[in-house]
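>>> please work out how this folds:
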Amino acid sequence: MSLIGVDIGTSTCKAALYSVGGKLMAGASRSYPTLHPAPLWAELDSRLVVSAAIDVVRELGGKAGKEGVTALAFSAMGEAMTPVSADRKILGNAILMADRRGEEEIRDFAARFEADELYSINPNIVSPNYSLPKLLWLRRERPQLYASADRFLLFAELVPYLLGLDPVTSYSHANRTLLFDLRAQAWSDRLCREAGIDPARLPLAAPSGQVLGELGAAAAERLGLDKGTLCVLGTHDQCAAALGSGLWSAGGAACGIGTVECITPVYDGIPDLGAMRSLGFNVEHHAVPGLYVSFIYNQAGSLVNWFRSTFASADRLGSESEAFERLAAEIPSEPTSLLVLPYFEPVGAPKFIQNASGLILGLRTSTSRGEILKAIMECETYFFLESLGPLRELGIDTRRFVASGGGAKSTAWLQIKADVMGLPFERATAPEAGALGAAMIAGLGSGVFASYEEAAERYVGRGEVFEPDSLRHRIYAEKYERYKELYPRLADIL
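Presented below is the predicted three-dimensional model:
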């Protein structure tokens with residue numbers, strides 16, 4: 001028997017095949033382009049994404065052996081919804097989180113509520129990033145498309161729905177729409193009424209791990225799996241990555257380092273929502289019942305890619321991973337004297353700064369490109385250090401970090417993070433923590449595991465741990481005090 005976890009990302013769909021004993025048997029991936037039909041617009045062709053998800057499952061199904069696949073589950077990015085017809089046909093593209101459409105609509109919607117009222121129902125900082133602003137934009141600017149849609153579905157439920165199963169989303173994904181009541185664990189009557197959104201046009205909401213059903217003959221053939229294979233309700237990709245990193249209980253945080261870095265603390269109990277809102281943090285259900293997560297995210301790999309294209313475009317560095325390792329060899333061993341403000345693009349949670357710019361301070365003619373690269377890594381870590389302090393004051397434990405994603409392959413970067421934070425950083429053992437998390441959910445929902453603890457014992461080993469160097473940490477602590485002054489002093493200029 002085996003399990004498949006599928007992780008549908010913004011640019012790539014990745015999947016992993018695991019034996020029920022915990023062995024990674026095979027992986028597969030397919031990429032697709034982000035479409036930019038107009039400035040500040042960002043979309044995905046939902047047909048391409050669904051095709052990619054089906055292709056990776058089909059590839060892994062062929063490697064499962066005679067015993068076949070017991071169950072599969074999908075994790076996916078949040079926010080991006082696809083309009084579908086009553087006869088299960090895709091009607092249009094999915095608008096991504098980074099797309100700026102819906103700014104006017106969400107301002108008008110938020111103005112109908114008192115300051116804390118909206119957040120008390122759906123604890124997200126209101127912005128155009130979520131699903132609701134895009135739906136309101138569609139209704140105003142594409143009324144025919146909006147009216148013809150029977151439902152609007154996120155990718156984790158879109159694929160099962162197109163395979164003939166009921167349209168059901170997880171609590172974690174429902175939270176990303178701005179229409180979900182966190183405490184009631186249901187679509188909010190008040191929010192849907194004020195938005196003019198009929199909840200019947202949204203998927204049903206349920207906890208992750210619920211069995212959606214068995215694959216019928218046509219769906220099974222399309223996926224290259226056996227008829228009767230179970231499809232289990234997955235989760236938001238960041239929650240899946242946290243689970244695949246071993247964070248199945250309260251305490252600690254997942255650290256996914258990709259184009260964007262996202263730190264996901266895991267905790268039990270809903271914290272003081274007034275304090276969380278004032279600090280700019282969200283609250284969302286984890287895939288594990290009774291647990292919650294928040295997201296701190298900002299530029300990471302995108303800054304390193306900018307560095308490479310700007311300072312090393314003429315070098316023959318090989319593949320992306322080879323290029324990174326060769327450039328990392330130029331990094332000095334000691335902390336740099338440079339300060340970088342990692343605001344090259346709109347800044348993520350909890351600051352949400354839209355109109356700033358990056359800064360590199362302290363350049364001299366003797367400055368090497370290795371110093372610049374290291375300073376970028378140092379100071380993008382400062383962004384997270386600055387955000388984590390207030391969470392700890394609210395009693396959310398973030399003393400353990402488990403890193404995954406492409407950036408976690410860098411020994412240099414993880415050591416920098418440990419030295420800056422003054423805390424250990426552990427490298428996740430799974431190559432793709434999100435796909436592993438989805439596979440664990442598939443195993444729990446299908447009865448292969450009795451608990452997430454049991455699943456973690458089989459699948460999540462102890463990865464390499466990077467301990468902080470006390471001397472370097474003291475130097476970074478002094479430098480951090482200067483870093484914190486950068487944006488307040490230069491905000492008007494930047």
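
>>> use CA for all of it now, contacts and neighbours both
Noted.

>>> quick one, helices of the stretch 101-250 of the chain?
Here the stretch 101-250 of the chain has its helices, by DSSP state H, counting those that start in this stretch, at 103-110, 117-121, 131-141, 143-148, 155-162, 171-175, 189-195, 217-223, 237-244.

>>> could you dump the ones you listed to TSV with distance to Asn282 and mean pLDDT?
As requested, the helices of the stretch 101-250 of the chain are exported to TSV (distance: least, C-alpha to C-alpha, whole Å; pLDDT from 0 to 100):
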stretch	distance to Asn282	mean pLDDT
helix 103-110	16	96
helix 117-121	9	96
helix 131-141	15	98
helix 143-148	28	97
helix 155-162	21	98
helix 171-175	10	97
helix 189-195	17	97
helix 217-223	36	96
helix 237-244	13	95
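
>>> can I get the ones you listed in TSV including mean neighbour count?
Listed next are the helices of the stretch 101-250 of the chain as TSV, based on neighbours: other C-alpha atoms under 10 Å:
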stretch	mean neighbour count
helix 103-110	16
helix 117-121	18
helix 131-141	21
helix 143-148	14
helix 155-162	24
helix 171-175	30
helix 189-195	16
helix 217-223	16
helix 237-244	30
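
>>> distance to Gly252 added to the ones you listed, as TSV?
Shown next, in TSV, are the helices of the stretch 101-250 of the chain (distance: least, C-alpha to C-alpha, whole Å):
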stretch	distance to Gly252
helix 103-110	33
helix 117-121	25
helix 131-141	29
helix 143-148	42
helix 155-162	26
helix 171-175	19
helix 189-195	32
helix 217-223	36
helix 237-244	10
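
>>> nearest to Ala408, of those?
Across the helices of the stretch 101-250 of the chain, Ala408 has its closest neighbour in helix 237-244 (12.9 Å, C-alpha to C-alpha).

>>> the closest one packs against which elements?
When contacts are defined as 3 or more C-alpha pairs under 8 Å, 6 or more residues apart in numbering; DSSP states H and E, helix 237-244 sits against strand 69-76, strand 253-257, strand 260-268, helix 433-445.

>>> which of these is buried the deepest?
helix 433-445 (a mean of 32; mean count of other C-alpha atoms under 10 Å).

>>> which residue ranges of the stretch 301-450 of the chain form strands?
Applying DSSP state E, counting those that start in this stretch to the stretch 301-450 of the chain gives strands spanning 339-341, 359-361, 401-404, 425-427.

>>> out of the ones you listed, which is the most enclosed?
The most buried one of the strands of the stretch 301-450 of the chain (mean count of other C-alpha under 10 Å) is strand 401-404, showing a mean of 28.

>>> quick one: contacts of that strand?
241, 245, 252-257, 424-428, 430-433 (C-alpha atoms under 8 Å, 6 or more residues apart in numbering).

>>> nearest to Asp181, out of the helices of the stretch 101-250 of the chain?
helix 117-121 (5.0 Å).

>>> other residues contacting that closest one?
Ala110, Ile125, Phe180, Asp181, Leu182, Arg183, Ser188, Leu191, Leu273, Arg277.

>>> at 7 Å what do you get?
Asp181, Leu182, Leu273 (C-alpha atoms under 7 Å, 6 or more residues apart in numbering).

>>> same thing with stretch 87-94?
Glu43, Leu44, Asp45, Ser46, Ala80, Met81, Thr82, Pro83, Val84, Ser85, Leu162.

>>> quick one: buried ones out of these?
Among the contacts of stretch 87-94, the ones that count as buried by 16 or more other C-alpha atoms under 10 Å are Glu43, Leu44, Asp45, Ser46, Ala80, Met81, Thr82, Pro83, Val84, Leu162.

>>> next, format those residues as CSV and append secondary structure and distance to Phe384.
As requested, those are arranged in CSV below (DSSP: H, G, I helix; E, B strand; the rest coil; distance: C-alpha to C-alpha, whole Å):
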residue, secondary structure, distance to Phe384
Glu43, strand, 28
Leu44, strand, 29
Asp45, coil, 33
Ser46, helix, 33
Ala80, coil, 25
Met81, strand, 29
Thr82, strand, 32
Pro83, strand, 35
Val84, strand, 38
Leu162, helix, 39
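
>>> most widely separated two among those?
The largest separation in those, counting by C-alpha to C-alpha, is between Glu43 and Leu162 at 19.8 Å.

>>> before we move on, back to that, closest to Glu330 out of the helices and strands packed on helix 237-244?
Proximity to Glu330 (C-alpha to C-alpha) singles out strand 253-257 among the helices and strands packed on helix 237-244, at 20.8 Å.

>>> report the strands that pair with that closest one, each with its relative direction.
For strand 253-257, the paired strands and their directions (DSSP bridges) are strand 260-268 (antiparallel), strand 401-404 (parallel).

>>> what mean pLDDT does it get?
Averaging pLDDT along strand 253-257 gives 94.

>>> relative orientation of that strand and helix 433-445 in degrees?
Going by axes from the mean of the first three to the mean of the last three C-alpha atoms, to 10 degrees, strand 253-257 is angled at 130 degrees with respect to helix 433-445.

>>> quick one: strand 253-257 to chain centroid distance?
Centroid separation for strand 253-257 versus its chain: 9 Å, with C-alpha atoms, centre = their mean, to the nearest Å.

>>> just to revisit the earlier point, let's have the helices and strands packed on helix 237-244 in a markdown table, adding distance to Gly358.
Output for those, formatted as a markdown table (distance: least, C-alpha to C-alpha, whole Å):
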| stretch | distance to Gly358 |
| --- | --- |
| strand 69-76 | 30 |
| strand 253-257 | 19 |
| strand 260-268 | 15 |
| helix 433-445 | 30 |
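
>>> out of those, which comes closest to Ala205?
For Ala205, the closest of the helices and strands packed on helix 237-244 is strand 69-76, at 14.8 Å, according to C-alpha to C-alpha.

>>> that closest one - contacts with which helices or strands?
strand 2-8, helix 155-162, strand 230-236, helix 237-244, helix 433-445 (3 or more C-alpha pairs under 7 Å, 6 or more residues apart in numbering; DSSP states H and E).

>>> nearest spatial neighbour of Leu48, chain-adjacent residues omitted?
Tyr32 (6.8 Å; C-alpha to C-alpha, 6 or more residues apart in numbering).

>>> what is the burial count for that neighbour?
17 (other C-alpha atoms under 10 Å).

>>> could you report the pLDDT at it?
95.

>>> got the phi/psi numbers for it?
phi -150, psi 150 (degrees, to the nearest 10).
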